[in-house]
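In: Please work out how this folds:
(one chain, ligands or ions: 2)
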Amino acid sequence: MRTVNVDLGRATYPIDIGPGLLGDGGTLGRRVPGADLLVLSNETIAPLYLARVKAGLRDRRVGECILPDGERYKTLATASRVFDALVEQRFNRDATLIALGGGVVGDVGGFAAACYQRGIRFVQIPTTLLAQVDSSVGGKTGVNHPGGKNLIGAFHQPVAVVADTDCLGTLADRELRAGLAEVVKYGCSADAALFEWLERAVPRLIAREPAMLVEAIARSCEIKAAIVARDEREDGVRAILNFGHTFGHAIEAATGYERYLHGEAVAIGMAIAADLSARIGLVAGSVPQRLRALLSAAGLALEAPRFGAARARALIGMDKKVRGGTVRLVLLAGLGAAELRSDVGDDELTRTLEEHFG
Ligand SMILES: NC(=O)c1ccc[n+]([C@@H]2O[C@H](COP(=O)([O-])OP(=O)(O)OC[C@H]3O[C@@H](n4cnc5c(N)ncnc54)[C@H](O)[C@@H]3O)[C@@H](O)[C@H]2O)c1
Ligand SMILES: [Zn+2]
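Out: Ligands and ions are numbered 1, 2, ... in the order given. You can find the predicted model right below:
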């Protein structure tokens with residue numbers, strides 16, 4: 001097992017990563033504080049892992065709240081169902097809410113924990129690769145609004161994250177590959193050694209070799225933890241974790257959040273951002289080539305949907321801002337060295353958008 005600490009002074013917390021952490025004798029029991037626990041999960045994950053979680057939490061009161069599965073349930077109405085469960089099952093300020101699931105359950109659970117009685121303790125048990133490397137770490141919580149994704153939320157750090165890699169055994173291949181896109185993001189934007197390791201390790205990660213998964217998750221969490229420790233509320237350096245996301249979010253929005261998984265859209269977005277970085281001379285052409293090769297080896301398709309450069313420009317919010325001189329994009333200044341840049345020329349941006357979006 002590996003443990004990565006997120007160093008936030010008084011709010012410092014551990015991320016345990018490894019197999020066998022949930023059941024009897026795993027680390028979960030030691031990491032979860034309090035005697036009154038509510039486990040939040042969904043209809044897919046609870047039948048697979050709730051019994052194991054409960055076995056690791058003997059001698060406590062463990063309530064349940066099981067949500068339907070899906071991003072479309074990441075809403076205020078669903079958060080309200082969690083509040084109802086907390087009230088009906090008589091949980092007070094000493095309660096701990098445990099989110100057992102992927103990013104959707106984690107985001108709703110964190111938000112509910114942030115709000116209930118002005119904040120109760122919160123533990124994350126992430127069960128997707130994306131949640132283990134990204135969404136469970138850093139304290140961003142929230143729900144969607146009909147007007148946009150993640151519009152309602154709060155910063156609320158967990159007291160512990162327990163990432164049991166055994167859970168990845170039941171994850172769909174497509175979800176695993178989408179999670180790998182975020183691992184590639186960490187290497188490409190912040191750690192060239194991780195990127196080079198991934199170039200060698202990707203076939204063994206796709207084959208779900210346990211030790212390789214632990215290594216990939218631990219290194220991803222180390223990077224995210226270090227950045228979150230420097231910039232908890234995303235006022236500065238945390239923005240580099242959005243490498244590939246401006247274009248990725250545009251792709252998700254243009255396709256109604258249905259055709260692509262988040263990581264799939266981010267993979268395409270990273271390839272575009274790397275191309276733009278090379279076009280304006282920040283990196284050699286070999287950098288986008290290597291990134292594309294790695295993402296392809298991870299089974300990720302890199303063709304952007306051809307919805308047009310003008311629409312893409314509007315979706316990345318640069319139709320007006322360009323003229324105001326406030327274009328800000330996360331680009332590569334080297335392998336493992338993403339930067340927030342505000343000096344992207346309009347012509348280069350236009351050519352890049354035309355090339356990829358038509
Ligand atoms: N808070 C943050 O910092 C942050 C960061 C990135 C993403 N997110 C959010 O995370 C969400 C996406 O998370 P996700 O990719 O984990 O999606 P998800 O939570 O929808 O999970 C994907 C699917 O896999 C299923 N699943 C989960 N674990 C499983 C397992 N072990 N075995 C079998 N099936 C399993 C889920 O039920 C679901 O159907 C988005 O809402 C996004 O906004 C938040
Ligand atoms: Zn992401």
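
In: So which bits of stretch 140-156 are buried?
Out: By neighbour count on 16 or more other CB atoms under 10 Å, the buried set for stretch 140-156 is 140-144, 153, 156. (Each C-beta comes from the backbone N, C-alpha and C, glycine too.)

In: Check those residues against ligand 1 and report the nearest one.
Out: Of all those, ligand 1 sits closest to residue 140, with 3.8 Å by CB to the nearest ligand atom.

In: what residues does the helix ranked longest in the chain touch?
Out: Of all the segments of type helix in the chain, defined by DSSP state H, the longest one is helix 210-230. When contacts are defined by CB atoms under 8 Å, 6 or more residues apart in numbering, helix 210-230 is touched by residues 1-2, 4-8, 15, 17-19, 129, 132-134, 137-139, 163, 165, 168, 180, 182-183, 186, 190-191, 194, 197-198, 201, 204-205, 236-238, 240-241.

In: if I pick the residue of the stretch 151-300 of the chain found nearest ligand 1, what's in contact with it?
Out: When scored by CB to the nearest ligand atom, the stretch 151-300 of the chain has residue 170 as its residue closest to ligand 1, at 3.6 Å. Listed by CB under 8 Å, 6+ apart, the contact set of residue 170 reads residue 48.

In: and the gap between it and residue 44?
Out: Using CB to CB, to the nearest Å, one gets 9 Å for the distance from residue 170 to residue 44.

In: Likewise for residue 64?
Out: Residue 64 sits at a distance of 15 Å from residue 44 (criterion: CB to CB).

In: remind me which residues of the stretch 201-350 of the chain are low pLDDT?
Out: Along the stretch 201-350 of the chain, segments meeting pLDDT under 70 span 319-327.

In: That one: helices as residue ranges?
Out: With helices called from DSSP state H, counting those that start in this stretch, the stretch 201-350 of the chain shows them at 210-230, 245-254, 262-279, 286-297, 309-315, 318-324, 346-357.

In: Give the other helices and strands that the second one contacts.
Out: Right, the one you point to is helix 245-254. helix 262-279, helix 309-315, strand 329-332 (3 or more CB pairs under 8 Å, 6 or more residues apart in numbering; DSSP states H and E).

In: next one: the longest one to chain centre, how far?
Out: Right, helix 262-279. 17 Å (CA atoms, centre = their mean, to the nearest Å).

In: Report the backbone C-alpha coordinates of it in CSV.
Out: Extracted in CSV, the C-alpha atoms of helix 262-279 (Å, rounded to 0.1, in the frame of the first residue of the first chain):
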residue,chain,number,x,y,z
HIS,A,262,-14.9,13.4,-19.7
GLY,A,263,-11.5,11.7,-20.0
GLU,A,264,-12.1,11.0,-23.7
ALA,A,265,-12.9,14.6,-24.4
VAL,A,266,-9.9,15.7,-22.3
ALA,A,267,-7.6,13.4,-24.4
ILE,A,268,-8.7,15.1,-27.6
GLY,A,269,-8.3,18.5,-25.8
MET,A,270,-4.8,17.7,-24.7
ALA,A,271,-3.8,16.7,-28.2
ILE,A,272,-5.2,20.0,-29.5
ALA,A,273,-3.5,22.1,-26.7
ALA,A,274,-0.2,20.3,-27.5
ASP,A,275,-0.5,21.1,-31.2
LEU,A,276,-1.2,24.7,-30.4
SER,A,277,1.8,24.8,-28.1
ALA,A,278,4.0,23.5,-30.9
ARG,A,279,2.4,25.9,-33.5
